[in-house]
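Undergrad: Just the structure for this:
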Amino acid sequence: MSDNTGGHRTQVLVVDDEEDVREFCKDALADAGYCVRTAASAREALRILGEQHVDIVLSDLKMPEMDGIALLERIREQAPGVDVVLMTGHATIETAVQAIRMGASDYLAKPVSIGDLKTRLDRLAGWRDLVLENQLLREQLQGNGGSCGLVGTAPRMREVYRTVLRYARKSQPVLITGESGTGKELIARALHDHGSNPEEPFLPVDCSALSPHLVESELFGHVRGAFTGATQDRAGLLASARKGTAFLDEIGELPLDLQAKLLRALQEKEFRPVGGNRTAPLEARIVAATNRNLPDATRTGRFRSDLYYRLNVLAIPLPPLRDRKSDIGALAQHFILRHSQPEEGILGIAPDCLKSLQGYAWPGNVRELENYIQRALAVTSGPLLTLADFPPEIRYPDRAAGGRAYTQLELLERNAIMEALESAGGHRLRAAEMLGIGKTTMYRKLKEYELDGAPEAEPVGAGRLGVL
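TA: Have a look, this model is predicted:
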């Protein structure tokens, strides 16, 4: 089935007033790799849908108080992106046709067999991914560089893009994590642009760039006379964003006292400006980002655990550039187009130069790559960027990465392993199978070529989305 062994597991909600049916479906789908929750009534199902992300609802048709058709109507209004599969022991052609006409994605007759259940949901999950992929491809054609400047098709980034589309229209907070330079603000902007209110403001604030006093005023605003220099009322980020997006970059740097105030705002859906007596409603969606390890920060008391859990409702981890090196060529070309003038006649990058770029470790990630491309454009004689336009760490990436010079044969083997790991989404055993070598040989080669520092990854489901 689609994605259920990778980063995103399809979320299924089973709704039935009979406990044995709920448990049967839950066990069967969990064994197939789905993430499953259950509800004993339609009203409980609607409550769950309002609190967390769900991809597919599998519901009984005949239930007390509210039946499956009524639940289907409410889901169409409340969560139009959720697919509904109805099942009943009173199977007739008429009810099946009615359910499909009402918007149900499929129909199952009780008693449900495990094989039929898995086949139907696997097919539906695959169809959902195809719809998301086609949606993204259409959006990519609307402008240069794809949606919000995102560039790249590496497996781990395709998973990020699919996640962005799944989360974009949700109202819950999103926490974007990743190293500096991986493009966290671009992802935040993509969430906003694909969200429910793209016409509303997208307002970012860097929590690490201002003093604690200024950050508080920047976030919550202040009233006249609240402090020296406050000569008039000023609306803060949370108010100015209205029903748009408030992007809190480097949230890990927020002082503890302001963490408490932000937590209260998220819980109560209101906040108080600095020096003010009246509260203002919080209508904006909160998207936060950090390059810190917040779980570690909560254990050492540098970040409130309750705020972390409140922000981490929907999580989007971004991979470093070294884990998506197949995107370097597209990214380099994107930056060449962005920073060069047509009259300069720069067409692209030479093949041997691209290979060296792919061999570099990129500690500064995409931002570092953009900086190197800008520097190369300033010194090149064109029409292609060559190794001579880049500094020594790019010209000799094998030495820069680990202090060891490889022979040409070793370098070819090392690059083949890196490409296999990239194609396998970081999954080492799958990469070994692609290369036709055994597990022991693979791990020995990883150590020999200083590639064993990256964490082992589970295989990522295929998909297509935007680009960063």
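
Undergrad: which stretches of the stretch 201-350 of the chain aren't confidently modelled?
TA: Scanning the stretch 201-350 of the chain for pLDDT under 70 picks out 225-226, 229, 231.

Undergrad: so where do the strands sit in it?
TA: Listed in chain order, the strands of the stretch 201-350 of the chain (DSSP state E, counting those that start in this stretch) span residues 202-206, 245-249, 270-271, 280-281, 285-290, 314-317, 348-349.

Undergrad: In a markdown table: those strands, plus distance to Lys355.
TA: Every residue, glycine included, has its C-beta placed from N, CA and C. Converted to a markdown table, the strands of the stretch 201-350 of the chain look like this (distance: least, Cβ to Cβ, whole Å):
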| stretch | distance to Lys355 |
| --- | --- |
| strand 202-206 | 36 |
| strand 245-249 | 34 |
| strand 270-271 | 52 |
| strand 280-281 | 55 |
| strand 285-290 | 32 |
| strand 314-317 | 28 |
| strand 348-349 | 10 |
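
Undergrad: Reformat those as CSV; add distance to Gly181 and mean neighbour count.
TA: What follows is the strands of the stretch 201-350 of the chain, written out as CSV (distance: least, Cβ to Cβ, whole Å; neighbours: other Cβ atoms under 10 Å):
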stretch, distance to Gly181, mean neighbour count
strand 202-206, 14, 19
strand 245-249, 13, 25
strand 270-271, 31, 18
strand 280-281, 35, 14
strand 285-290, 12, 26
strand 314-317, 15, 17
strand 348-349, 20, 20
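
Undergrad: tell me which residues in the helix or strand containing Met157 are buried?
TA: Using DSSP states H and E, Met157 sits in helix 155-167. Buried residues in helix 155-167, defined by neighbour count with 16 or more other Cβ atoms under 10 Å: 155-167.

Undergrad: Is it possible to get those residues out as CSV so that each row also shows distance to Glu433 and pLDDT?
TA: Below are these laid out as CSV (distance: Cβ to Cβ, whole Å; pLDDT from 0 to 100):
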residue, distance to Glu433, pLDDT
Pro155, 15, 81
Arg156, 19, 85
Met157, 23, 85
Arg158, 21, 80
Glu159, 21, 83
Val160, 25, 86
Tyr161, 26, 83
Arg162, 25, 81
Thr163, 27, 86
Val164, 30, 87
Leu165, 30, 83
Arg166, 30, 84
Tyr167, 33, 90
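
Undergrad: where's Val85, which helix or strand?
TA: Element membership for Val85 (DSSP H and E) is strand 83-88.

Undergrad: who does that strand touch, helix- and strand-wise?
TA: Under the contact definition 3 or more Cβ pairs under 8 Å, 6 or more residues apart in numbering; DSSP states H and E, strand 83-88 sits against strand 56-60, helix 68-78, strand 106-109, helix 114-140.

Undergrad: Now do the domain split for the protein, please.
TA: Listed by automatic domain parsing, the domain ranges of the chain are 11-135, 173-312, 323-448.

Undergrad: of all those domains, which lies closest to Leu150?
TA: domain 173-312 (5.9 Å; Cβ to Cβ).

Undergrad: Determine how far the last residue of the closest one lies from the first.
TA: Terminal residues of domain 173-312 lie 7 Å apart, using Cα to Cα, to the nearest Å.

Undergrad: start at 621 instead
TA: New numbering, starting at 621: the last item is domain 793-932.

Undergrad: quick one: low-confidence parts of the stretch 621-770 of the chain?
TA: Applying pLDDT under 70 to the stretch 621-770 of the chain flags residues 621-628, 710-716, 750-769.

Undergrad: buried stuff in stretch 884-897?
TA: For stretch 884-897, burial by neighbour count (16+ other Cβ under 10 Å) applies to 885-886, 891-896.

Undergrad: Would you point to the one among the helices and strands packed on strand 703-708 that's packed deepest?
TA: Mean neighbours per residue, mean count of other Cβ atoms under 10 Å, is largest over the helices and strands packed on strand 703-708 for strand 676-680, with a mean of 26.

Undergrad: ok now that one, how far from the chain's centre?
TA: Relative to the chain's own centre, strand 676-680 is displaced by 26 Å; criterion: Cα atoms, centre = their mean, to the nearest Å.

Undergrad: Show residues contacting that strand.
TA: For strand 676-680, the surrounding residues in contact (Cβ atoms under 8 Å, 6 or more residues apart in numbering) are 630-638, 641, 645, 649, 662, 665, 669, 688, 691-692, 695, 702-708, 725, 728, 741, 744-745, 748.

Undergrad: can you check stretch 821-837 too?
TA: With contact meaning Cβ under 8 Å, 6+ apart, stretch 821-837 is reached by 805, 808-809, 812-813, 838-839, 846-847, 850, 854, 856-857, 860-862, 864-875, 877-878, 881, 894, 904.
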